[in-house]
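1. For reference, the sequence and a predicted model appear below.
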Amino acid sequence: MKILVVGSGGREHALCWKLAQNPKVESILCAPGNGGTAQVGVNVAVKDDDIPALVALARDEEVGLVVAGPELPLVLGLENALRQEGIPCFGPNAFAANLEGSKAFSKNVMADAGVPTAPFRVCDDYEEAVAFIREKGAPIVVKADGLAAGKGVIVAKSEEEAVEAVHQMMVKKAFGSAGERVVIEEALSGEEASFLCFCDGKNYAMLPSSQDHKAAYEGDTGPNTGGMGAYSPAPILPKEQYEETAELCIKPILRHLAAKGEPFKGVLYAGLMYTENGPSVLEYNVRFGDPECQPLLMRLETDLLEIMFACIDGKLDQVDVTSSPQTACGVVMAAEGYPGSYPKGMEITGLDEADAMEGVKVFQAGTRTDGDKIVTSGGRVLCVTALGDDLAAARERAYQAVEKIHFDNSYYRRDIADKGLKRLS
Ligand code: AMP
Ligand code: GLY
């Protein structure tokens, strides 16, 4: 079977790497891909938001499965368009993808389904938004309704900051139509964790917990990024609590969407915050997290292709999804300057040496091939991921592998997993 993976990050390299382990997979296309996916399959220069071109590619290449890495193609209706052509797609339809594509939709579904989440108001009007901020006071969170490349959430420490955020979104249209509507919600505090489940519309299969590091700099300081590292499991969400967590934040959503005739199929990702009153859902994503995907797939024992078809066919209850008891830790190596501006085109060396280490896999993100070299082409360049018998061992091995890799102006956080280690000590 030929497979098409859509996307170009470390997550997509991990998806290609894992799918390629099934002997039924003859070849993998990745659109548009990166230097890492080019080692597993063939990159095709089609962007992840060009739905007609992706559908045409899948049809022309007689692809047996399309796997959507990022949310954008799903929100734009990739699954719907492929279904019309009779081509299986792993990922939810456009309606269900709104759980990520629209914060207002997502919060309303959470409220209707009885999922714990911060109290909120959806505002379509600037004056109303400002009045609500004045009424509630700071700290307060302002979220652009639509997709805003990870920049649409402002946790405001003062009313002025919140009003300015609303002004940028609703008046200045900093995020275009994504900010015409905003969600304003209570600011919560606590530690965050990610809980991902495979879903087939009705049944779910739990993946182990994981934790991302969104801040650019050590000690969780600096601007927010796509994620500077991740590990699994997250000690804040131990195995004994997975089932109750799924009951709290996965099952009600599946039931709610199924009742609407729009069953959720794919990966449902709950971004949780552990407040003093218990877990609260900050957001849903409708796909694997990047970089959470990399440690999660390092641990996944069950065949990924089999799981994906079970999700599509509504037969997930017939698959035993298991993960290795080991811990996995991924450290992101970025180009200095990220998430702001950064240089590109630096040659990366030491990749083979790091990859040759036992229990280590280097997933490439912002890379491309240049002749026989691999050079940087993005902000998050690599996610160096390692397995270990515990978190300390996985972390140590990941950093040992990082030491073997070089490119000019590289930057990485040296405190990935420290929070988890502290909780274990
Ligand atoms: P989201 O895209 O909704 O996950 O928001 C991105 C990040 O903003 C989250 O990972 C949190 O760190 C933060 N955040 C979102 N909602 C809240 C909230 N209600 N209170 C505090 N922080 C939040
Ligand atoms: N790592 C967070 C995300 O993928 O949204």
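-> Looks like it came in fine. Since this is a predicted model, take the numbers as computed values, not measurements. Ligands and ions are numbered 1, 2, ... in the order given.
2. residues from the stretch 1-150 of the chain in reach of ligand 1?
-> Within the stretch 1-150 of the chain, the positions lying close to ligand 1 (CB under 6 Å from any ligand atom) are Ala118, Val141. Every residue, glycine included, has its C-beta placed from N, CA and C.
3. Okay, strands next: where are they in the stretch 1-150 of the chain?
-> 2-7, 27-32, 42-43, 65-68, 89-90, 120-123, 140-144 (DSSP state E, counting those that start in this stretch).
4. Which of those strands sits closest to ligand 2?
-> In terms of CB to the nearest ligand atom, the element of these nearest to ligand 2 is strand 2-7, at 11.3 Å.
5. Got phi/psi on the residue in the chain positioned nearest to ligand 1?
-> Closest to ligand 1 within the chain is Glu283: 3.4 Å, counting by CB to the nearest ligand atom. The phi/psi pair for Glu283 (degrees, to the nearest 10) reads phi -170, psi 160.
6. List the contacts of it.
-> With contacts defined as CB atoms under 8 Å, 6 or more residues apart in numbering, Glu283 is in contact with Glu100, Lys103, Ser106, Gly271.
7. again, 10 Å this time
-> Counting by CB atoms under 10 Å, 6 or more residues apart in numbering, Glu283 touches 99-100, 103, 106-107, 110, 117, 143, 153, 269-273.
8. Return the per-residue confidence for it.
-> Note on Glu283: pLDDT of 97.
9. for Ala149, same thing?
-> Note on Ala149: pLDDT of 81.
10. Please renumber the chain so that the first residue is 42 from this point on.
-> Will do, 42 is the new start, and the previous item becomes Ala190.
11. Help me confirm that it comes into contact with Gly267.
-> Yes: the pair Ala190 / Gly267 is scored as a contact, 9.0 Å apart, by CB atoms under 10 Å.
12. List the residues that are in contact with both of those two.
-> Shared contacts of Ala190 and Gly267 (CB under 10 Å, 6+ apart): Pro380.
13. Now list the buried members of the contacts of Glu324.
-> The neighbour-count test (16 or more other CB atoms under 10 Å) marks 140-141, 144, 147-148, 151, 158, 184, 194, 310-314 as buried among the contacts of Glu324.
14. list the contacts for Ile128?
-> Ile128 neighbours (CB under 10 Å, 6+ apart): Leu45, Val96, Ala99, Arg100, Glu103, Val104, Gly105, Leu106, Val107, Glu120, Ala122.
15. now, among those, which is nearest to Thr286?
-> Set against Thr286, the nearest of these by CB to CB is Glu120 (26.0 Å).
16. How many residues are close by that closest one?
-> Other residues within reach of Glu120, judged by other CB atoms under 10 Å, total 27.
17. Flag every buried residue along stretch 373-390.
-> Buried residues in stretch 373-390 (16+ other CB under 10 Å): Val373, Met374, Ala375, Ala376, Tyr379, Pro380, Tyr383, Met387, Ile389.
18. Which of the contacts of Ile128 sits closest to Lys301?
-> Glu120 (15.9 Å).
19. ok, now which ones touch that closest one?
-> Applying CB under 10 Å, 6+ apart, we find Glu120 in contact with 92, 107, 109, 114, 128-138, 306-307, 353.
20. low pLDDT regions in the stretch 142-291 of the chain?
-> Of all residues in the stretch 142-291 of the chain, none has pLDDT under 70.
21. if we go to 90?
-> Scanning the stretch 142-291 of the chain with the threshold set as pLDDT under 90 gives 189-192, 264-265.
22. so which residue of it comes closest to ligand 2?
-> Gly268 (3.6 Å).
23. Spit out the contact partners of Pro129.
-> Counted by CB under 10 Å, 6+ apart, Pro129 has contacts 99, 104-108, 120, 123, 349-350, 352-354.
24. With that, I have no additional questions.
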